[in-house]
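# Can you look at this prediction? I've put the sequence above it.
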Amino acid sequence: MMNREILRLAIPNIIANISVPMLGIVDTSLVGHMESVYYIGALSVGTMVFNFLYFGLGFLSMGTSGLTAQAWGAQNQSEVGLVFWRALTVALSMSLLLILLQVPLGWIGFHFVDATPEVLVHARSYFQIRIWAAPATLSLMVIQGWFIGIQNARTPMILTVVVNVFNIVGNLVFVYGFGMNSDGVAYGTLCAQYLGLLIAFRILTTMASPLHQSVNLQHVLLLSALRRYFSINLDLFLRTLNLIVVFAFFTLASSWQGSLILAANSILMQPWAFISFAFDGFAYAAQSLVGRFIGAKDLNSLKRCIRYLFVWCVGLSLVFTTFYLFTGEWILAGFTDKEEVVLEALKYWPWVAYGAFLSSFAYIWDGIYIGATATRSIRNAMLICAVLFFSSYWILIDELGNHGLWAAITVLMIARGLILTLMAPTKIFQRL
């Protein structure tokens, strides 16, 4: 029964999550077959800036799912609805702020990038187009997190897949139909996000849910509830910010090694991201189920759920590692027709293949801690891991070059899983 519950939530989320890196794969392939290699770098650098902005605000989804799941488990339907409206209010406020501050944000985002002038010109143009999707992007985060919290994985799957299909089609139309370069990818994303938001609100207005109850603005803006919401989400923001800084530094450190390494690492990050998004399907299931069992104060179900989650985690990670070990050259050749980039990327492919297993535990624990709203613990763990990453990088980079950079990111992922495992007895199981 527990396995069925896990798979009922995990499979739709895996399908939805896999469509996200598939979009990145298509985008990278589109620019990878353009006339110059600097379009790959422009997309990578532009995406890095949005990783800061949007992944940093990922608490809008994660915090919403954890709080909603606990209210759902406690059968508090009024609070289930109030969590949604609070989160949506914050999302729209944040998106307005991003648009108003786009000039200084863009300057900060590109100031420290050591890339060629051609890369920076196209990266800035990409940013200036895509920033206008902020209201739709942040609102969709809230909507999807809320659905996960009410144990509905099917609707977020539909939304995510539809948005990414729109995005892929839009990118193809703008790039091939209108003859655009990396700007076409930005316009495709902009259109897809707003189409997705329209579909999401259509679903919300037609389904039976607590959102149809009358909304009391005083309850939505209740100070104690907002204080708890921001406390949880500040921890998630700081945790995610640390993670983004690490991966942004990964891109910067790649650019410091030249355009060839930047292009190779940008491509290698796509199958790496594919792994993380696949495991996040089980992490979302963990958020939903762990939050529900904690809200219902059901310790036995909580323990059984976590045990089964890790069985699935190990099995899936071994499948990925085996598959990647035998298909590296074929996968990389699909990203670009630049032979020098493929040959360079192949040197570092084992880090991606073995990373599938080594990083898997961190993803599952993240979902468990978020569902339990034990966000301070994952914030502290990430701070420690970020220090380990930068220490490893500075120790290894001179001796090992780009292998040292990949070794540092692997150290970070192993440490995340290990630290969260050691903290679990007191931070998760003693909450009941």
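It's in. Being a predicted model, the structure only gives us computed values, none of them experimental.
# In CSV, list the C-alpha atoms belonging to stretch 90-109.
The C-alpha trace of stretch 90-109 is given here as CSV (Å, rounded to 0.1, in the frame of the first residue of the first chain):
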residue,chain,number,x,y,z
VAL,A,90,4.0,36.7,-2.0
ALA,A,91,4.7,35.3,-5.6
LEU,A,92,3.0,38.2,-7.3
SER,A,93,4.8,40.7,-5.1
MET,A,94,8.2,39.1,-5.7
SER,A,95,7.6,39.0,-9.5
LEU,A,96,6.8,42.8,-9.6
LEU,A,97,9.9,43.5,-7.6
LEU,A,98,12.0,41.4,-10.1
ILE,A,99,10.6,43.4,-13.0
LEU,A,100,11.2,46.8,-11.3
LEU,A,101,14.8,45.8,-10.4
GLN,A,102,15.7,44.1,-13.7
VAL,A,103,18.4,46.6,-14.6
PRO,A,104,20.5,46.3,-11.4
LEU,A,105,19.8,42.6,-11.2
GLY,A,106,21.1,42.1,-14.8
TRP,A,107,24.2,44.2,-14.0
ILE,A,108,25.0,42.1,-10.9
GLY,A,109,24.3,38.9,-12.7
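# What lies in contact with it?
With contact meaning Cβ atoms under 8 Å, 6 or more residues apart in numbering, stretch 90-109 is reached by 48-49, 52-53, 57, 60, 124, 127-128, 131-132, 134-135, 137-139, 141-142, 229. Bear in mind the C-beta positions are built from the backbone N, C-alpha and C, glycine included.
# Repeat that for stretch 374-384.
The contact list for stretch 374-384 (Cβ under 8 Å, 6+ apart) reads 63, 66, 232-233, 235-236, 238-239, 242-243, 365-366, 369-370, 415-416, 419-420, 423, 427-428, 431.
# do the same with stretch 63-81
Identification of contacts with stretch 63-81 by Cβ under 8 Å, 6+ apart yields 83-84, 87, 141-142, 145-146, 148-151, 209-211, 213, 215, 219, 229, 232-233, 236, 284, 287-296, 370-373, 375.
# For ChimeraX, write the selection for the buried entries among these.
Selecting the buried subset of the contacts of stretch 63-81 in ChimeraX, with 16 or more other Cβ atoms under 10 Å as the burial test, is done by:
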select :83,84,87,141,142,145,146,148,149,150,151,209,210,211,229,232,233,236,284,287,288,289,290,291,292,293,294,295,296,370,371,372,373,375
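# Low-confidence stretches in this structure?
For the chain, residues meeting the criterion pLDDT under 70 lie at 17-44, 51, 56, 112-118, 208-220, 431-432.
# Find the centremost residue of it, please.
Central residue of the chain (Cα atoms, centre = their mean): Phe55, 6.0 Å from the mean position.
# Which of the contacts of stretch 63-81 fall within helices?
Filtering the contacts of stretch 63-81 for membership in helices, criterion DSSP state H, returns 83-84, 87, 141-142, 145-146, 148-149, 219, 229, 232-233, 236, 284, 287-295, 370-371, 375.
# Tell me which of the contacts of stretch 374-384 fall in strands.
Among those, DSSP state E puts none in strands.
# can you give me the offset of the one helix or strand Ala362 maps to from its chain's centre?
Secondary structure assignment for Ala362, by DSSP states H and E: helix 360-371. Offset of helix 360-371 from its chain centre (Cα atoms, centre = their mean, to the nearest Å): 13 Å.
# Please apply the same query to stretch 188-199.
Using Cα atoms, centre = their mean, the offset of stretch 188-199 from its chain centre is 18 Å.
# try stretch 294-303
On Cα atoms, centre = their mean, the centre of stretch 294-303 falls 27 Å from the chain's centre.
# Now do the buried residues in that stretch.
Ile294, Gly295, Ala296, Ser301, Leu302.
# Ok, stretch 340-359 next?
Per 16+ other Cβ under 10 Å, stretch 340-359 contains these buried residues: 341-342, 344-345, 348-349, 351-353, 355-359.
# Take the buried residues of stretch 294-303 and lay them out in CSV including distance to Thr251.
CSV is the format used below for these (distance: Cβ to Cβ, whole Å):
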residue, distance to Thr251
Ile294, 37
Gly295, 39
Ala296, 43
Ser301, 41
Leu302, 38
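# and which of those is nearest Ala386?
Closest approach between the buried residues of stretch 294-303 and Ala386, by Cβ to Cβ: Ile294, at 27.6 Å.
# With that, I have no additional questions.
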